[in-house]
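Engineer: Attaching a predicted model along with its sequence, questions to come.
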Protein chains: 2
Amino acid sequence: MSVTAAQGFTAAGVAAGIKSNGNPDLALVVNNGPRLAAAGVFTANRVKAAPVLWSEQVLKGGQVSAVVLNSGGANACTGPLGFQDTHATAEKAAEVLGHSAGEIAVASTGLIGIRLPMEKVLSGVEKAAGELSAHGGEKAAIAIKTTDTVHKTAVTQSPAGWTVGGMAKGAGMLAPGLATMLVVLTTDADVDAPGLDTALRAATGTTFDRIDSDGCMSTNDTVLLLASGATGVTPDPDEFAEAVRTVCDDLARQLIGDAEGASKDIRIEVINAADEREAVEVGRTIARNNLLKCAIHGEDPNWGRVLSAIGTTSATFDPDQLNVAINDVWVCKNGSVGEDRALVDMRYREVRITADLAAGSASAVIWTNDLTADYVHENSAYSS
Amino acid sequence: MSVTAAQGFTAAGVAAGIKSNGNPDLALVVNNGPRLAAAGVFTANRVKAAPVLWSEQVLKGGQVSAVVLNSGGANACTGPLGFQDTHATAEKAAEVLGHSAGEIAVASTGLIGIRLPMEKVLSGVEKAAGELSAHGGEKAAIAIKTTDTVHKTAVTQSPAGWTVGGMAKGAGMLAPGLATMLVVLTTDADVDAPGLDTALRAATGTTFDRIDSDGCMSTNDTVLLLASGATGVTPDPDEFAEAVRTVCDDLARQLIGDAEGASKDIRIEVINAADEREAVEVGRTIARNNLLKCAIHGEDPNWGRVLSAIGTTSATFDPDQLNVAINDVWVCKNGSVGEDRALVDMRYREVRITADLAAGSASAVIWTNDLTADYVHENSAYSS
């Protein structure tokens, strides 16, 4: 299903030889129209990969006819030659598809600081173009995997007849400003580029932007939303926005559920904050506390580490009024010892931390993972 | 030597039974004058342990006659009763030493959210008072250890006849705003409280404040500097400040060298920054990047992770002008591939990362550690 669940899209995923292990590593998603509207959200990292710099320019036009995605190399920190490589990739896709290069988005993921093997990339684009299919969504989702153990897709359908579907990759470097994370969403609803942009920004702001696996922001994060308008149905804007949010939320949860080396998915809900910004700040700070993430890995309801993390924020709170629940047991009340920590059952993969700031009525949910020896292993051996 | 290297001080370290394993866990440092001047720097965490709240009050008077330190429990997040425990500890020390409780500082370290076993603490204070000695500095340094593998002391002597000595503990939660970290420095130079405060703040600002083992700030950080004036020598202020800085730097390096589970000490020097504040911001951000810390653990000169960390800061730089050296090999030049990464020899414990922002002439050095499976193990099993 994936990016080909919506009408008007074809896709393919092939092994271009970019990855030395021969796994699929190049995906192509084509919008066959009639509309070619698109919106994109990119990493907030100031060090941006060549494909991000390229695609940001493409998206300014609000039209995308195809997206080329590769795993096996991020094409980040590769200088002007790396940018030329991205440009050549778009030109190649334009040539084989009969489109304009200025409407071809490119996304890459993998190791930073390595040039892509361009002969393989270009022949891969040609190969993928030859395999484009209205059933190619799953193969495309598989081809963008890096350390992902599973490919990730999601779909939602409106009673009005239109569909929003998508694929995502990303199992490390998940962080605000989006994760490393390549996401392509497609819809056959008839929505123009500004309408897509509004829906996409609203959706990413409360989904991808609120997952934070390891606090590290990527140079390559890219989330694209393409509309073919193939159903001819103009959706209700609120219903459309909610559909996009639903698919993003589904994919975001899948990213957290498959984060590198993780054994726990941690849902941090900050409640009774003075405002939403402060709730998000506190949630992120808790999510990034290595000591807490280790404790959760050890199934240790160490609420002191939650409090010491909250204490480093600038949010409104009184230390003597903080309350913390772990899996619904209020182990910390009024900044001090609460219910018996032995009551906390942490054997399951999902762990829920609730931090009550007692400072207002705003709230926010941030998802993160535990910190494990497997994470260390996977990330100490990644490039060498 | 430690806190008893300077004249006018006695100290002791005893096993009070706070730690269940019977190891030494209570230290006492006494200033026998004639001067009782003191200065202190405490954690910037807004969730402060009871002994921090207490000692901050004591230090406002600029006089400290004794310091009681315990390991085996942080007495943090223990509410009003926890504060009463600290107060009772100071009262007990005042009683057995014949001093005023308002001049007794207290410092604690260990697990958050657990009340201290006060009978053991109070009898420990009595026991320590009975063992006070001008040679007790080492025993005191041993008694404040938690997960430290070695005790940490440092001493420097002035040709003018005065001495600055000190002890430190802390092997986890090392972070800006100081580490968890209890430090007591003593001097027999004749310096008043404001003079001590000036020297101490200048010293901690470029030493303890620039080590960041795991990005986690403690609720209990305490650094005290006590002056007995026993030599009767009023030091040159600059020479004194430099001596305090030297001892702090020595202890800070020892803390990094003994951080939990670490196998590498990483020296991050940010050069050519627009100003020192930006140099420190960039250095800290690099120091907190889990992916980089894993790569260093794996002896992988993964400079892309340095650039992606720099890219998340607000510092002044042009991504295309960034240069990064690892162990003096400039693996990244002008934001792209530089010298051959195979030239980087990372077999030794110390790893040097140089980040050249090409934006000015300011610089700063931040020390951190690698992220290891041992760190995860130690911190997932800490309280359970």
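Structural biologist: Perfect, I can see it now.
Engineer: So is the longest helix along chain A next to chain B?
Structural biologist: If you go by DSSP state H, chain A has its longest helix at helix A:237-257. No: looking at helix A:237-257 against chain B by CB under 8 Å from any CB of the partner chain, there are no contacts, and the closest approach is 15.9 Å. The way it works is simple: take the backbone N, C-alpha and C, and place the C-beta from them, glycine included.
Engineer: Just list what that helix packs against, helices and strands only.
Structural biologist: Using 3 or more CB pairs under 8 Å, 6 or more residues apart in numbering or on different chains; DSSP states H and E as the contact definition, the elements that helix A:237-257 packs against are strand A:152-157, strand A:163-169, strand A:182-187, helix A:193-206, strand A:265-273, strand A:362-369.
Engineer: can we see that at 7 Å?
Structural biologist: Helix A:237-257 makes packing contacts with strand A:152-157, strand A:163-169, strand A:182-187, helix A:193-206 when contacts are defined by 3 or more CB pairs under 7 Å, 6 or more residues apart in numbering or on different chains; DSSP states H and E.
Engineer: does the residue of the stretch 1-150 of chain A found nearest chain B sit in a helix or strand, and which one?
Structural biologist: Among residues of the stretch 1-150 of chain A, the one nearest chain B by CB to the nearest CB turns out to be A:Ile112. It sits 2.6 Å away. With the criterion set as DSSP states H and E, no secondary-structure element contains A:Ile112; it sits in neither a helix nor a strand.
Engineer: neighbours of it, just the number please.
Structural biologist: Neighbour count for A:Ile112, taken as other CB atoms under 10 Å in any protein chain shown: 24.
Engineer: quick one: it from A:Tyr375, how far?
Structural biologist: Computed with CB to CB, to the nearest Å, the distance linking A:Ile112 and A:Tyr375 is 18 Å.
Engineer: nearest residue to the residue of the stretch 151-300 of chain A found nearest chain B other than its sequence neighbours?
Structural biologist: Of all residues in the stretch 151-300 of chain A, A:Gly298 sits closest to chain B, with a separation of 3.0 Å (CB to the nearest CB). Nearest residue to A:Gly298, sequence neighbours excluded (CB to CB, 6 or more residues apart in numbering or on different chains): B:Ser380, at 3.0 Å.
Engineer: Tell me the residues on the stretch 1-150 of chain A that lie near chain B, please.
Structural biologist: Taking CB under 7 Å from any CB of the partner chain as the contact definition, the stretch 1-150 of chain A meets chain B at A:Asn45, A:Arg46, A:Val47, A:Ala76, A:Cys77, A:Thr78, A:Gly79, A:Leu111, A:Ile112, A:Gly113.
Engineer: Please report the distance of A:Thr308 from B:Gly161.
Structural biologist: Not quite, residue A:308 is Ser, not Thr. Distance from A:Ser308 to B:Gly161, by CB to CB: 42 Å.
Engineer: Please identify which of the two sits among more neighbours.
Structural biologist: For A:Ser308 and B:Gly161, the more surrounded residue by other CB under 10 Å is A:Ser308, and the numbers stand at 32 against 13.
Engineer: Confirm that one sits in a strand?
Structural biologist: No: the secondary structure assignment for A:Ser308 gives helix rather than a strand, going by DSSP: H, G, I helix; E, B strand; the rest coil.
Engineer: List the residue ranges of the stretch 251-384 of chain A that fall below the pLDDT cut-off.
Structural biologist: Low-confidence segments of the stretch 251-384 of chain A (pLDDT under 70): A:382-384.
Engineer: So which residues of it form strands?
Structural biologist: Defined through DSSP state E, counting those that start in this stretch, the strands belonging to the stretch 251-384 of chain A, from first to last, are A:265-273, A:323-326, A:329-333, A:336-337, A:350-356, A:362-369.
Engineer: Next, count neighbours for the closest residue to A:Ala364 other than its chain neighbours.
Structural biologist: Nearest non-adjacent residue to A:Ala364, counting by CB to CB, 6+ apart: A:Ala279, 3.7 Å away. For A:Ala279, the number of neighbouring residues by other CB under 10 Å comes to 26.
Engineer: Let me see the contact set for A:Gly257.
Structural biologist: By CB atoms under 7 Å, 6 or more residues apart in numbering or on different chains, the residues touching A:Gly257 are A:Asp265.
Engineer: one step back: looking at the residues of the stretch 1-150 of chain A next to chain B, which has the most residues close by?
Structural biologist: A:Ala76 (32 neighbours).
Engineer: Most tightly packed of the helices and strands packed on helix A:237-257?
Structural biologist: Ranked by mean neighbour count, the helices and strands packed on helix A:237-257 are led by strand A:182-187 with a mean of 31 (mean count of other CB atoms under 10 Å in any protein chain shown).
Engineer: Please tell me how far A:Val14 sits from A:Ile142.
Structural biologist: Here the criterion is CB to CB. By it, A:Val14 lies 10 Å from A:Ile142.
Engineer: Give me the common contacts of these two.
Structural biologist: Both A:Val14 and A:Ile142 are in contact with A:Pro24, where contact means CB under 7 Å, 6+ apart.
Engineer: correct me, but A:Leu224 touches A:Leu182?
Structural biologist: No: under the contact definition of CB atoms under 7 Å, A:Leu224 does not touch A:Leu182, with a separation of 8.6 Å.
Engineer: Quick one: low-confidence residue ranges for the stretch 1-150 of chain A.
Structural biologist: Low-confidence segments of the stretch 1-150 of chain A, defined by pLDDT under 70, are absent.
Engineer: in it, which spans are strands?
Structural biologist: With DSSP E, counting those that start in this stretch, the ranges of strands along the stretch 1-150 of chain A come out as A:9-14, A:26-31, A:37-42, A:66-70, A:104-108.
Engineer: helices or strands up against the fourth one?
Structural biologist: In other words, strand A:66-70. Checked by 3+ CB pairs under 7 Å, 6+ apart, strand A:66-70 has strand A:26-31, helix A:79-97, strand A:104-108 packed alongside it.
Engineer: separation between the residue nearest in space to the middle of chain A and A:Thr43?
Structural biologist: Most central residue of chain A, judged by C-alpha distance to the mean C-alpha position with CA atoms, centre = their mean, is A:Met181 at 4.2 Å. Computed with CB to CB, the distance linking A:Met181 and A:Thr43 is 9 Å.
Engineer: what touches both of these two?
Structural biologist: Contact with both A:Met181 and A:Thr43 is made by residues A:Ser218, A:Asp221, according to CB under 7 Å, 6+ apart.
Engineer: follow-up on the earlier one: report the contact partners of the residue lying closest to the residue nearest to the centre of chain A once chain neighbours are set aside.
Structural biologist: Among residues not flanking A:Met181 along the chain, A:Gly170 sits closest, at 3.8 Å (CB to CB, 6+ apart). The neighbours of A:Gly170, taking CB under 7 Å, 6+ apart as the test, are A:Ala179, A:Thr180, A:Met181, A:Leu182, A:Leu255.
Engineer: near chain B, which residues of the stretch 151-300 of chain A?
Structural biologist: Taking CB under 7 Å from any CB as the criterion, the neighbours of chain B within the stretch 151-300 of chain A are A:173, A:214-219, A:289-291, A:294-295, A:297-298, A:300.
Engineer: which pair in these spans the largest distance?
Structural biologist: Using CB to CB, those span at most 34.4 Å, a distance reached by A:Thr219 and A:Asp300.
Engineer: ok, the closest residue to A:Ala129 other than its chain neighbours to A:Asp221 distance?
Structural biologist: Excluding the flanking residues, the one nearest A:Ala129 by CB to CB, 6+ apart is A:Val96, at 4.3 Å. As defined by CB to CB, A:Val96 lies at a distance of 27 Å from A:Asp221.
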